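S.K.: Whatever this is, show me its structure:
(chains A and B)
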Amino acid sequence: MTKLYVGNLPFSATDESVRALFSNHGTVEKVSLINDRDTGRPRGFGFVEMSSADAARAMAALNGTDFEGRTLRVNEAQERSGGGGFRSGPRGR
DNA sequence: CATGAGCGC
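M.R.: Okay, here's the model as predicted:
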């Protein structure tokens, strides 16, 4: 499964809206929109998990397209440092 | 009541 970084999202966008949008180009495994926990405002970007084929397809299909009035940014997501669990070991994931 | 970089606790 590949993680997709979705940026330049409109503040009106929601996880279900993003899921529906990506669902049109492939099977969406999971959608996680990121909101600023410091101020409580949505940062305007999120992450979408899909299979590698569907992820690349949706990325190429939705990247650079207009979504809710904003130019959608879709790219491969970087690996998050740490996370809920401590990932220090040769056996990641 | 709001805002706009870009990579999530």
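
S.K.: Give me the neighbour count for the nearest residue in space to residue A:35 that is not next to it in sequence.
M.R.: Nearest non-adjacent residue to residue A:35, counting by CB to CB, 6 or more residues apart in numbering: residue A:42, 4.6 Å away. Yep, even glycine has a C-beta here, placed from its N, CA and C like the rest. The local packing of residue A:42 (other CB atoms under 10 Å) involves 17 other residues.

S.K.: What separation do you get for residue A:42 and residue A:61?
M.R.: Taking CB to CB, to the nearest Å as the measure, residue A:42 falls 24 Å from residue A:61.

S.K.: Which residue is it, in chain A, that comes closest to DNA strand B?
M.R.: Here chain A gets closest to DNA strand B at one residue, residue A:44, 2.0 Å apart by CB to the nearest atom of the strand.

S.K.: That residue contacts residue A:9, doesn't it?
M.R.: Yes. In this structure, residue A:44 is within contact of residue A:9 by CB atoms under 8 Å, at 4.9 Å.

S.K.: Okay, now the unreliable bits of chain A?
M.R.: By pLDDT under 70, the weakly predicted segments of chain A are A:82-93.

S.K.: does DNA strand B sit close to the lengthiest helix in chain A?
M.R.: When chain A is parsed with DSSP state H, its longest helix is helix A:52-62. No. Using CB under 7 Å from any atom of the strand, we find that helix A:52-62 stays clear of DNA strand B, coming within 10.8 Å at best.

S.K.: Thanks again, I'm all set now.
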